[in-house]
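Engineer: Give me a 3D structure for the following:
(2 chains)
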Protein chains: 2
Amino acid sequence: MVDMLKYSPDSKVLGLVGGTHGLFDKQAVELTPELCAAYKGTGGLELLGRTVDRIKSRQEMENAANACKELGLTGLILVGGARTNTDAAYMAEYFKQQQLGTTVVGVPCGIEGSMVNEFVEASMGFDSSSKAMSQLVGNTAVDGASARKYFYFLRIMDGFNHGGKIPTSHVALEVALQTCPNMLLLTEDVDERRQSLREVVRDIADMVVRRSKDGKNFGTVLVAEGLLAAIPEFRSLITELEAMLMPCPVEEVLEQLTHWSRALFQSLPEFLQKQMLLERQSNAALSLAHLETERLLAALVEEELKQRKKAGNFSGSFSPVCQFLGYQARCSMPSDFDSDYAYALGVTATLLAANGKTGYMAVVSDLSMPVPQWRIGGVPFTAMMKVPPSIPGETYRSRPAIFPRRVDLEGSAFKSWVEMRQECEELELYKNPGPIQFSGKCAARVSITIASTFKYMDELRQLQSNLASVRSMCRPGCDPRKVRVATTSLATLTEILKELTEPLNASPALERANR
Amino acid sequence: MVDMLKYSPDSKVLGLVGGTHGLFDKQAVELTPELCAAYKGTGGLELLGRTVDRIKSRQEMENAANACKELGLTGLILVGGARTNTDAAYMAEYFKQQQLGTTVVGVPCGIEGSMVNEFVEASMGFDSSSKAMSQLVGNTAVDGASARKYFYFLRIMDGFNHGGKIPTSHVALEVALQTCPNMLLLTEDVDERRQSLREVVRDIADMVVRRSKDGKNFGTVLVAEGLLAAIPEFRSLITELEAMLMPCPVEEVLEQLTHWSRALFQSLPEFLQKQMLLERQSNAALSLAHLETERLLAALVEEELKQRKKAGNFSGSFSPVCQFLGYQARCSMPSDFDSDYAYALGVTATLLAANGKTGYMAVVSDLSMPVPQWRIGGVPFTAMMKVPPSIPGETYRSRPAIFPRRVDLEGSAFKSWVEMRQECEELELYKNPGPIQFSGKCAARVSITIASTFKYMDELRQLQSNLASVRSMCRPGCDPRKVRVATTSLATLTEILKELTEPLNASPALERANR
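Structural biologist: Model prediction:
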């Protein structure tokens, strides 16, 4: 954005310090080329900070509008995931209603990689963080195969809890594809199969027993951060806990829980009970980052294996080592891909905002191609918004929103994991992608998840070039048969497209016959 | 070693699987160029595995000698730290006594970087692991400055417990120099100052309070793995616990402890009590890797800050996040430095072993220079062995051994930390060295610790060139005055060197006078 100032030397770029706080308090710093140069190519958000707060209430909207007026902003660019961009959509609408001149543009960002959809191919930061985590998982798996005595349970920082929805696990999937661990516990997969905690534990124990029979008392298990939220009994417990004010003493919590949830809560190890009662973030959601799911699983598997040992079904050893991979990776130096992508998004957002386009998301397409072939554009937020299904018993009506995209269990990324997971479990197919490289031929590598997404802009471009060639082939003076074929074909196509978008009505012919 | 086969095509290189186990069981695989190619440039020890066991008893020595005979080994190369190389020294002696033809050569290796001395400039693996950990600490510190709400307590895998000695913390120091965290708790430093746990906790709390006054409720604290063993009261407790057979129920342990140690043990949080009673490695030493020192410190600091808050001396917030950095980093892909160093050591060890040199350590010197200027050589183990001071009350006589080198608190590496630590505490001088690079100009960077060590081979070479030039300047036919000056100077020098090495006797002149 700052580099774009050379095309408009009288303009200024302001950075709002601490996200929404900076906006409401009008705490802004001018971003100069000199200031930005000091932070160029570094990870994290040290320069401006961040916030998880939302802009939701009428009062907050007014505050935001006033701040934009006072700061004299012609455009406001919000960088974040599905929640931030939903806010951006409503702000754009509100600003328009208030006839405020500030345009609002969104930029898809977030290491969890869930701010993607048909239009957005990647979320800024996903590539770097998943590569940084792949390096760590690769190192750890090799360590396991060297020491041959530890079972590593690695929890991967990933999509977080979002209004009762199942968290996403794009990072865990990408890391598994890059490193080939012995097991991957994917939130979406566990949810799809409606597995209980007991079943998950049994699956892991089965794997340990099978490997132990080959003399392999070691292995690496990846656990997606949001796993517990996908397990039905835990989801109920979490929902009940989220309705309470925290911190709260255990006795009071127990009183307020339903019978089932109370039994589950009491069956949990003490460390997990404590972690579930920690103070909440501003959105009242229980932070899954603070639940040591990997320790819970390791403890339960250990118990299960003790039972099997007693029953004579297991004779190996089991030493779990638990790790949470997140804070060490999410502020990693950005990969070349992310640096380029962020730069392209910054340029796109600036162009949209400066040209009066409000309520748009900046998008860059064809990301698996070399950078010069990338295409930039803007997509209206409304195209990405969906009305959430109403929850039975809820009194308020859900409003349309942009939702985090879950891992597609029918998609090519997950399917390639399914194809190899049997082999990964038995053997040590561990791959270590190594540290992120900034030069050499590995520097240009793009995440498998990003390389395998649908390319909207590419398809749109092909459509437009087809339309253009029909137009040029049917210019005045052309063969009348061409005109007739083209006209009837296009009429049919229009009919089909109409049917795809409009509600299903009785056909006009049938209606007439019924009269 | 395998590449050296081209100079001796009839030779073979055998790899012993699982360290000492492979040797005793004669489980060896032939290392061919094809097999090695598959593992080239990868970290860890996946190909051959490893062991922490020692070769110590007479019976084990005999087993080793028999295995060498049966496998027809002309040379045996042991790769490891101070303990492994001490074993190598005694094996070399035993093999010589038994008139066994197998030469024994040592290679200095270990991520903790303590197998260094006047002759050995670096331990293989230290550069890679300290760089990998620096990346993680750098990422985490930046994350702290972005989120501005967590205090990270990062424990760094480092030197381990070694027969009652204080563990080393070369890795923690190197990482601190690379990343500039807000605080570094160095084992050697805490030991030197004879700090109690209470004092360490107070120091951290003071830092938290000071930063909080500037509105900075975040920071990064590095904790060396061996810290607890440097704290006098803990050292007693650890020594007492190491004398007991583990696992053992808490009640029995309490009975056997002295009063002081019992009080300390009971004052510890439950998680740490459990971790201190875990099953031991084969050397009976309590594994400091399993003690969550960082959690202990965070919990005690939290308690201390609560007290200060009540007393009105602290008004900030304190959210600690604890991490152990080790398993993710110790099997990292090796840095270019370590790849080159390992290659040079392999060549050196092969040359020594093949040329009948037994009881030598392979050394490569001038490591801070570009690779073509490195110098290789062998140093007899005896030059590195020391007789440990006898411990009061011990019944057995300690035998000479090679000891891990501790961080030199007067050395230039630690001194440069002392110079900046005040500023690091107050400000956010965080540096992120980024991931290890294999190309580009950062690839050739060497750890500060290695770059700042004494260069023995270099000094030896200078001495030899000086001797040679004296010899050539004083060839027969030269000016007699030159001969006289050289002779008296050398006689004086000889006298001085004698005085430095021989016990201090009364001077001959004085002796004569006394008669």
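Engineer: Pop out the phi and psi values for A:Tyr152.
Structural biologist: phi -90, psi 130 (degrees, to the nearest 10).
Engineer: does it have beta-bridge partners, and which?
Structural biologist: A:Thr220, A:Val321 (DSSP bridges).
Engineer: Wait, it touches A:Gly219, no?
Structural biologist: Yes - in this structure A:Tyr152 lies within contact range of A:Gly219 using C-beta atoms under 8 Å: 7.2 Å. Backbone N, C-alpha and C define where each C-beta goes, glycine included.
Engineer: Surely A:Val116 forms part of a helix?
Structural biologist: No - A:Val116 is assigned coil when assessed by DSSP: H, G, I helix; E, B strand; the rest coil, not a helix.
Engineer: now it: how far from A:Ser447?
Structural biologist: Separation of A:Val116 from A:Ser447 (C-beta to C-beta, to the nearest Å) stands at 12 Å.
Engineer: Show me what from the stretch 51-200 of chain A comes close to chain B.
Structural biologist: Contact residues, the stretch 51-200 of chain A versus chain B (C-beta under 8 Å from any C-beta of the partner chain): A:132, A:135-136, A:139-140, A:142-143, A:145-148, A:150, A:152.
Engineer: For those, which two are the farthest from each other?
Structural biologist: A:Ala132 and A:Arg148 (26.2 Å; C-beta to C-beta).
Engineer: Can you classify the closest residue to A:Gly49 other than its chain neighbours as helix, strand or coil?
Structural biologist: Leaving aside its sequence neighbours, A:Gly49 sits nearest to A:Gly18 (C-beta to C-beta, 6 or more residues apart in numbering or on different chains; 4.4 Å). For A:Gly18, the assignment made with three-state DSSP gives coil.
Engineer: one step back: who's more crowded, A:Ala132 and A:Arg148?
Structural biologist: A:Ala132 (28 against 19; other C-beta atoms under 10 Å in any protein chain shown).
Engineer: wait, doesn't the more buried one sit right on B:Asn139?
Structural biologist: Yes - taking C-beta under 8 Å as the definition, A:Ala132 is a contact partner of B:Asn139 at 7.1 Å.
Engineer: List the contacts of the residue minimising distance to the centre of chain A.
Structural biologist: Nearest residue to the geometric centre of chain A (C-alpha atoms, centre = their mean): A:Ser114, 1.7 Å. A:Ser114 is in contact with A:81-82, A:123, A:159, A:168, A:170, A:404-406, counting by C-beta atoms under 8 Å, 6 or more residues apart in numbering or on different chains.
Engineer: again, only this time at 7 Å
Structural biologist: A:81-82, A:123, A:159, A:168, A:170, A:404-405 (C-beta atoms under 7 Å, 6 or more residues apart in numbering or on different chains).
Engineer: Starting from chain B, give me the distance back to it.
Structural biologist: 20 Å (C-beta to the nearest C-beta, to the nearest Å).
Engineer: what does A:Gly378 give?
Structural biologist: For A:Gly378, the distance to chain B - C-beta to the nearest C-beta - is 28 Å.
Engineer: Look at that residue and tell me its secondary structure.
Structural biologist: Per three-state DSSP, A:Gly378 ends up strand.
Engineer: Identify the residue nearest it in space, chain neighbours excluded?
Structural biologist: A:Tyr360 (3.8 Å).
Engineer: What score does the closest residue to A:Ala205 other than its chain neighbours have for pLDDT?
Structural biologist: Using C-beta to C-beta, 6+ apart and skipping residues adjacent in sequence, the residue nearest A:Ala205 is A:Glu304, 4.5 Å away. pLDDT recorded at A:Glu304 is 96.
Engineer: before we move on, the earlier item: of all the contacts of A:Ser114, which comes closest to chain B?
Structural biologist: A:Gly81 (15.5 Å; C-beta to the nearest C-beta).
Engineer: Give the full set of residues in contact with that closest one.
Structural biologist: Residues in contact with A:Gly81 (C-beta under 7 Å, 6+ apart) are A:109-110, A:114-115, A:123, A:404.
Engineer: Most neighbours among the residues you listed, which one?
Structural biologist: So for the contacts of A:Gly81 (other C-beta under 10 Å), the most neighbours sit at A:Met115, 30 neighbours.
Engineer: Wasn't A:Ile238 part of a helix?
Structural biologist: Yes - under three-state DSSP, A:Ile238 sits within a helix.
Engineer: so who does it touch?
Structural biologist: A:229, A:286.
Engineer: How about chain A: which residue is closest to chain B?
Structural biologist: For chain A, C-beta to the nearest C-beta, closest residue to chain B: A:Pro435, 3.2 Å.
Engineer: picking that back up, doesn't A:Ile204 make contact with the residue nearest to A:Ala205?
Structural biologist: No - counting by C-beta atoms under 7 Å, A:Glu304 sits too far from A:Ile204 to count as a contact (8.3 Å).
Engineer: between those two, who's got more neighbours?
Structural biologist: The neighbour comparison of A:Glu304 against A:Ile204 (other C-beta under 10 Å) goes to A:Ile204, with 25 against 20.
Engineer: which secondary structure element contains the residue nearest to that one when sequence neighbours are not counted?
Structural biologist: By the measure of C-beta to C-beta, 6+ apart, the closest residue to A:Ile204 outside its immediate chain neighbours is A:Val301, 5.0 Å from it. Under the criterion of DSSP states H and E, A:Val301 resides in helix A:293-310.
Engineer: which residues does A:Met207 contact?
Structural biologist: By C-beta under 7 Å, 6+ apart, the contact set of A:Met207 is A:182-183, A:425.
Engineer: Could you check how far it is from A:Gly316?
Structural biologist: Distance from A:Met207 to A:Gly316, by C-beta to C-beta: 12 Å.
Engineer: Mind giving me the packing neighbours of the helix or strand that contains A:Arg471?
Structural biologist: If you go by DSSP H and E, A:Arg471 is part of helix A:456-473. If contacts are counted by 3 or more C-beta pairs under 7 Å, 6 or more residues apart in numbering or on different chains; DSSP states H and E, helix A:456-473 sits against strand A:360-365, strand A:375-380.
Engineer: For those, state which one has the densest average packing.
Structural biologist: strand A:360-365 (a mean of 26; mean count of other C-beta atoms under 10 Å in any protein chain shown).
Engineer: quick one: average pLDDT of it?
Structural biologist: pLDDT averaged over strand A:360-365 gives 95.
Engineer: could you check the distance from A:Val221 over to A:Ile166?
Structural biologist: 20 Å.
Engineer: between these two, who's got more neighbours?
Structural biologist: A:Val221 (24 against 20).
Engineer: OK, contacts around that one?
Structural biologist: So A:Val221 contacts A:151-154, A:181-183, A:185, A:204 (C-beta under 7 Å, 6+ apart).
Engineer: Okay, strands next: where are they in the stretch 201-350 of chain A?
Structural biologist: For the stretch 201-350 of chain A, applying DSSP state E, counting those that start in this stretch gives strands covering A:219-224, A:320-325.
Engineer: Just want the angle from the first one to helix A:293-310.
Structural biologist: For strand A:219-224 against helix A:293-310, the angle between stretch directions is 140 degrees (axes from the mean of the first three to the mean of the last three C-alpha atoms, to 10 degrees).
Engineer: re earlier: right, and the residue nearest to A:Ile204 touches A:Ala205 too?
Structural biologist: Yes - if you go by C-beta under 7 Å, A:Val301 and A:Ala205 touch, sitting 5.3 Å apart.
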